[in-house]
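# Sequence first, then the predicted structure:
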Amino acid sequence: MSGVIVTGPPKADPKDVDAPAGYGVATVHEAMGRTGLLGPGIRPVQQGVRAAGTAVTVLSRPGDNLMIHPAVEQCGEGDLLVVTTTSPSTDGMFGELFATALRRRGVRGLVVNAGIRDTQELRDMNFPAWSRAVSAQGTVKATDGSVNVPVAVDGQVIHTGDVILGTAALGIAALRSPRRSEPSGSGQRLVTAG
Ligand SMILES: O=C([O-])CC(=O)C(=O)O
Ligand SMILES: [Mg+2]
């Protein structure tokens, strides 16, 4: 796989990120016309958290978390990291070390369409995270992939710059703004994870 790292992608307007943060996922999803709900395969790692952030996306090989490293470098204040793999995987590709690095950059949380580990530490850190699986299975750091390209997560395509909202109930939704189709990339989708 030949990868690409897109730097300096368009970011959501902070008011578009913070506006839905006070509402539950179900409310926002309904208000957006019941569109974009991701499947229930992505589950909260802990209860009692809510996160809203701008998507930085990662496409990795299964069982290989190399690309999360450059993705962390692309993350900044108010972002939320979204990771998927090129074929299904439940390996634990994210844990407390990555969470610590992301938190230092002001990142608000994580959605990983694969496995997560160090879950007790993530709860102790109060780091909001949603995943397909919990698994201590280690991953290699060997193969290139992509950062900030569109990624598919449980039935929806998430673009870098989309707004992601997560709460600790069931469900995850992706809601697309019509502006997203503009070539300038100035629009964002609202993605909710609950
Ligand atoms: O290091 C890894 O491969 C993933 C992990 O456990 C961490 O981020 O703490
Ligand atoms: Mg670890």
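Perfect, I can see it now. Ligands and ions are numbered 1, 2, ... in the order given.
# Kindly check the end-to-end length of stretch 126-145 for me.
Terminal residues of stretch 126-145 are spaced 29 Å apart (CA to CA, to the nearest Å).
# The longest strand along the chain pairs with which strands, parallel or anti?
The residue-count maximum for a strand in the chain (DSSP state E) belongs to strand 50-60. Strand 50-60 sits in its sheet next to strand 79-85 (parallel), strand 146-147 (antiparallel), strand 163-167 (antiparallel), going by DSSP bridges.
# Out of these, flag the one nearest Val49.
Ranking the strands paired with strand 50-60 by proximity to Val49 (CB to CB) places strand 163-167 first, at 7.6 Å. Yep, even glycine has a C-beta here, placed from its N, CA and C like the rest.
# these two touch, right, Ser42 and Ala129?
You called it Ser, but residue 42 is Ile. No. Taking contacts as CB atoms under 8 Å, Ile42 lies outside contact range of Ala129: 10.2 Å.
# just checking, next helix/strand downstream of the longest strand of the chain?
Sequence-wise, the next helix or strand downstream of strand 50-60 (DSSP states H and E) is helix 68-74.
# So which bits of that following helix are buried?
Neighbour counts over helix 68-74 (16 or more other CB atoms under 10 Å) mark 68, 70-72, 74 as buried.
# Looking at these, spot the one nearest Lys15.
Distances from Lys15 to the buried residues of helix 68-74, taken by CB to CB, are shortest for Gln74, at 22.3 Å.
# Am I right that the closest one is in contact with Val147?
Yes. Here Gln74 reaches Val147: they are 5.7 Å apart, a contact under CB under 8 Å.
# anything in contact with each of those two?
Residues touching both Gln74 and Val147 (CB atoms under 8 Å, 6 or more residues apart in numbering) are 5, 56.
# Can you give me the distance of Asn65 to Ala101?
Between Asn65 and Ala101 the computed distance is 12 Å (CB to CB, to the nearest Å).
# err, Gly115, not the other one
Distance of Gly115 to Ala101, given as CB to CB: 18 Å.
# More neighbours: these two, which one.
Comparing Gly115 with Ala101 by other CB atoms under 10 Å, the one with more neighbours is Gly115, at 23 against 15.
# bridging residues for that one?
On the basis of DSSP bridges, Gly115 is bridged to Gly92, Ala133.
# And the pLDDT for it?
In this model, Gly115 is scored at 98, pLDDT.
# Ok, the one 4 residues further on next?
The model reports Thr119 with a pLDDT of 97.
# follow-up on the earlier one: tell me which of the strands paired with strand 50-60 lies nearest to ligand 1.
Nearest to ligand 1, of all those, is strand 79-85, at 11.3 Å by CB to the nearest ligand atom.
# Can you point out the buried residues in stretch 35-44?
Buried residues in stretch 35-44, counted by 16+ other CB under 10 Å: 36-38, 42-44.
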